[in-house]
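In: Sequence plus predicted model, see below.
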Amino acid sequence: MSDTLSKIEKRTAYILILPAVFLVFSIILFPIFANVWISFKEVGLKDIRIPEPRAKKIVKSIKDNPDQLKVIYKLRNSSLILEIRDVKFQDKLPKNIKPINLDERCRVKSNKIYCEFGNWKAKYRENFQILLKSSDGKQLNKKELKTIKPKLTGKSDNILLNTNFTLKNFKKVFFQNEFFDLLSTTFYYTFFGTIGSIVFGILTAQLVNQKFFGRTFMRSVLLFPYVGPVVALAYTWELLLDPYSGTLNNLLMNFQVIQEPLNLLGQKYLTINFFGFDLKLRLALTTVIIFEIWRYFPLAFLFILARLQAVPKELYEAAEVDGAGPLQKFINITLPQITAVISILFMIRFIWNFNKFEDIFLLTGGASGTRTLPINVYEQGFTISDIGMGSAVSIVIVALLLIFMFIYFKLIGKRADEN
Amino acid sequence: MKTKSLIYYTLISSIFLFSLVSIWKILVTLQGVELKNFNFAIIITLGIAISLLNLIIGEKLNYLIKSTFFALIFTIVDGYIVQVMPIWYNIGIFAILIFFSFKINKYNQKYLASEHSSQIVVFDFLTLFGIVLFSFVILFPFYMMLITSFKTQAALLINPLDFSINFNQDFAELFKSYFVIFDTYKFGRYILISTFVSVGTVIVTLLFAIPAAYAVARLNFFGKNFLSTSILIIYMFPAIVLVIPLYTVFSQLGLRNSVGGLLIVYTATTLPVAIYMLQGYFRSIPKELEEAAIMDKLNWFGIIIKIILPLSIPAISSVALYVFMIAWNEFLFSLMFLDNPNSFTLSRAIQYLSGDAETPRQYLMAGSVVVTIPVLLIFVYFEKYLVSGLTAGSVKG
């Protein structure tokens, strides 16, 4: 009895989860594996269109011969690079019409024309003609002929499905793609973006955790950058930071903080003279990191605030009795209470910043030293139109990601053991 | 009174005053008033003087008289002697000074003598400073977005610092950018598409996620643990690594440029987090209710509809709002899959608009306002639900 019950339970469970699992599998897991496949192939953006045989039908009347019509089919192979094999053609004729002098590749069977055109090379074109004659002497209907569309079929190689593999893409990724520059930019961006958002998250959470007028309003406002659409915010920042008509540069120049406008998003390095040493700052990258921090510190804020509100008040009261000042309270009570949240946040933000694409893409498009790995995926795949290379870079990202996750779960497991 | 506390108090309070006044000056400059200097030395000196006077006067004078006195001195020095400023500027400065005097009023000689007083002073002012600064830094870009959409190209070129709006012009002139983006750039259509995609994503995601979450939360089956851990791992995988294979497959299947294709992708990417959030909530519903339902011979469908759904309205609303927000704001997939202007979403349309260097930026900002306002309104109105969604979802972009 209980055996059948558990069987029913199992079956129900599978029915319930199947749609979701199927969808996630086909849209998320399948592409990750497909990346591996594509990354070992030499595929360009233009190769992924499946070649199609096409025909454009033109109907013409013939002078001096009203009971005959000429039909021209403009045949072509839609692909510029691939051959189509065994092209078959089929078109229907109205009842009272018969073809005359039919091409030898074709035959007629019960009011239909069937043709076999054989193989079409890439860019193949042909003007194929049929003469039609009325079989019962009635007027031929041009319009009716025109509305019937011919059907064409053919076989072609799908470049994605064949089994030619190459290591070329990975060679290019590691040796011709300024790989270490890419990697260091990505880590720089990820690391400072993560640290920055956590530091500002702690500061703001500490702020909002105190009582003051307008506190709930402040909490909403602090989350605005996080909930706003990235497109709108990125373009606003771009306007704000524009070297000539941007508000920030004009303000700074107005108050004589700087003499020359700074191209904050378009300049790779800024040389700062610091006590006689020339320091080179990655200017555009720093700006992008600041945007990143501005946009994502609210998440850290939210988490840390939730944790802070759960800290028992008695701890602070006891500390006060013991004569601890605000700084000591913060270091000895607040910080230890939030370290767990911070470590989780660090990993989550680290992984997500590592994969961030939209923000940099919209602000700089990857120019002036802000090219990270995700930007490179897009560039390779859609700017240079090399799908194979784009996939190879994606694979590198996935591999690094798996390493991070492995470390993360190791650390979490360790924590769980300790507690 | 400790000397250390005294120094901390005077310095940090005057720096705080300086930053308040400077932010006011920036805002005033943005109304087209010519103001070239923060007058650091003068403001700091005045600030130190006022803080010290506050200590000396203490409670000998009525609080109101004292603050008005400070505010008047400062306003006269700053707005009439150092430079001559318009009256509304001075009113603002006066208000800031009243606020400042109110804040420093609680510090007196006795207070500064107490233990940790220097630290407390620093913390107090840092808090105030933080509130002012963070509000400014966060709200400023939004403010700029809104104002720019009401300006004209010519006005922006003549003085990029002039953010003042001329309310005397007629309505059509003022909202010209909005009329243009709706008339010329078909933004009405994009709003409809975005709404359709986002609402559709919410509905489809919930249809898929609720049964799956129920199964994960309640039923025993082989591979359950594996499934619930892989949900989170899958959610960590970034969109950018899915883009190339999905693009190739969608091209070959003819799903690009179709709103349906976008809907499938959005649903799949939000499903893991929706399942994760819902199953957590379903677990908290007492099991006895369902046992009673099984006695009444309800099947799983009946259980979900009659028991689980009515009890989890809050969780479902927060998932729905969260998914709506993700779908509405999504950009990467709409960039990849849509290149026919007839099927753009709002985000993609704005990006397309900016691709043309000729597009005046007030149009771009008007578009940005149009895409931002619904999200912010929903957020402010349903903040409670959304915050719990954000905390549980935790790992969005």
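Out: Received, thanks.

In: What sits closest to B:Leu128 if chain neighbours are left out?
Out: B:Phe16 (6.2 Å; C-beta to C-beta, 6 or more residues apart in numbering or on different chains). For glycine as for every other residue, the C-beta is placed from the backbone atoms N, C-alpha and C.

In: Against chain A, how distant is that neighbour?
Out: The span separating B:Phe16 from chain A equals 14 Å under the rule C-beta to the nearest C-beta, to the nearest Å.

In: Next up, phi/psi of B:Tyr107, please.
Out: phi -90, psi 120 (degrees, to the nearest 10).

In: Which positions in the stretch 1-150 of chain B make contact with chain A?
Out: Counting by C-beta under 8 Å from any C-beta of the partner chain, the stretch 1-150 of chain B comes close to chain A at B:26, B:29-30, B:35-38, B:115-116, B:119-120, B:122-123, B:127, B:130-131, B:134-135, B:137-142, B:144-145, B:148.

In: roughly how far apart are A:Asp103 and A:Ile130?
Out: To A:Ile130, A:Asp103 is 7 Å away according to C-beta to C-beta, to the nearest Å.

In: So these two - more neighbours on which side?
Out: A:Ile130 (19 against 13; other C-beta atoms under 10 Å in any protein chain shown).

In: Let me see the contact set for the more buried one.
Out: A:Ile130 makes contact with A:70-71, A:73, A:99, A:102-103, A:106, A:113, according to C-beta atoms under 8 Å, 6 or more residues apart in numbering or on different chains.

In: repeat that for 6 Å
Out: A:71, A:99 (C-beta atoms under 6 Å, 6 or more residues apart in numbering or on different chains).

In: and it, which of the three is it?
Out: strand (DSSP: H, G, I helix; E, B strand; the rest coil).

In: Need the per-residue pLDDT for it.
Out: Looking at A:Ile130, its pLDDT is 81.

In: rewinding a little: make sure the residue nearest to B:Leu128 is actually in contact with B:Phe129.
Out: Yes. Between B:Phe16 and B:Phe129 a contact is recorded at 5.5 Å, counting by C-beta atoms under 6 Å.

In: Those two - which one has more neighbours?
Out: Neighbour totals were compared for B:Phe16 and B:Phe129, and B:Phe16 leads with 21 against 16 (other C-beta under 10 Å).

In: how close does the more buried one get to B:Tyr107?
Out: From B:Phe16 to B:Tyr107 the distance is 12 Å (C-beta to C-beta).

In: Just the buried residues of stretch A:329-336, please?
Out: A:329, A:333-334 (16 or more other C-beta atoms under 10 Å in any protein chain shown).

In: Nearest to chain B, out of those: which one, please.
Out: The shortest gap between chain B and any of the buried residues of stretch A:329-336 belongs to A:Lys329, at 9.6 Å (C-beta to the nearest C-beta).

In: Next, count neighbours for the nearest residue to that closest one once chain neighbours are set aside.
Out: Excluding the flanking residues, the one nearest A:Lys329 by C-beta to C-beta, 6+ apart is A:Ala319, at 5.2 Å. A:Ala319 is flanked by 16 other residues according to other C-beta under 10 Å.

In: what do you get for the one 3 residues further on?
Out: The local packing of A:Asp322 (other C-beta under 10 Å) involves 10 other residues.

In: what residues does the stretch 251-397 of chain B put near chain A?
Out: Taking C-beta under 6 Å from any C-beta of the partner chain as the contact definition, the stretch 251-397 of chain B meets chain A at B:251-252, B:265, B:268, B:271, B:300, B:329, B:331-332, B:347, B:350-351, B:354, B:361, B:364, B:368, B:371-372, B:375, B:379-380, B:383, B:390-391, B:395.

In: Which ones among the residues you listed lie within helices?
Out: B:251-252, B:265, B:268, B:271, B:300, B:329, B:332, B:347, B:350-351, B:354, B:361, B:364, B:368, B:371-372, B:375, B:379-380, B:383, B:390-391 (DSSP state H).

In: Using PyMOL, define a selection of the buried residues within those.
Out: Selection of buried members from those for PyMOL, criterion 16+ other C-beta under 10 Å:
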select buried, chain B and resi 251+265+268+271+300+329+332+347+350+351+354+361+364+368+371+372+375+379+383+390
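
In: Remind me which helix or strand the residue nearest to B:Leu128 belongs to.
Out: Using DSSP states H and E, B:Phe16 maps to helix B:3-29.

In: Report the mean confidence score over that helix.
Out: Here the average pLDDT along helix B:3-29 is 87.

In: One more: stretch B:208-222?
Out: Stretch B:208-222 comes out at a mean pLDDT of 86.

In: Stretch A:382-390 too?
Out: Here the average pLDDT along stretch A:382-390 is 87.

In: Just give me how far that stretch sits from the chain centre.
Out: 13 Å (C-alpha atoms, centre = their mean, to the nearest Å).

In: From start to finish, how long is that stretch in a straight line?
Out: 8 Å (C-alpha to C-alpha, to the nearest Å).

In: what does it rub up against?
Out: By C-beta under 6 Å, 6+ apart, stretch A:382-390 touches A:41-45, A:169, A:172, A:377, A:380-381, B:244.

In: can you count the residues close to A:Ile272?
Out: 11.

In: Confirm that it lies within a strand, as I assumed.
Out: Yes. Counting by three-state DSSP, A:Ile272 falls inside a strand.

In: quick check: mean pLDDT across the helix or strand that contains A:Ile198?
Out: A:Ile198 belongs to helix A:179-208 when assigned by DSSP H and E. Mean pLDDT, helix A:179-208: 92.

In: what about the strands in chain A?
Out: A:53-61, A:68-77, A:84-92, A:97-100, A:106-109, A:112-120, A:125-134, A:151-156, A:269-274, A:277-282 (DSSP state E).
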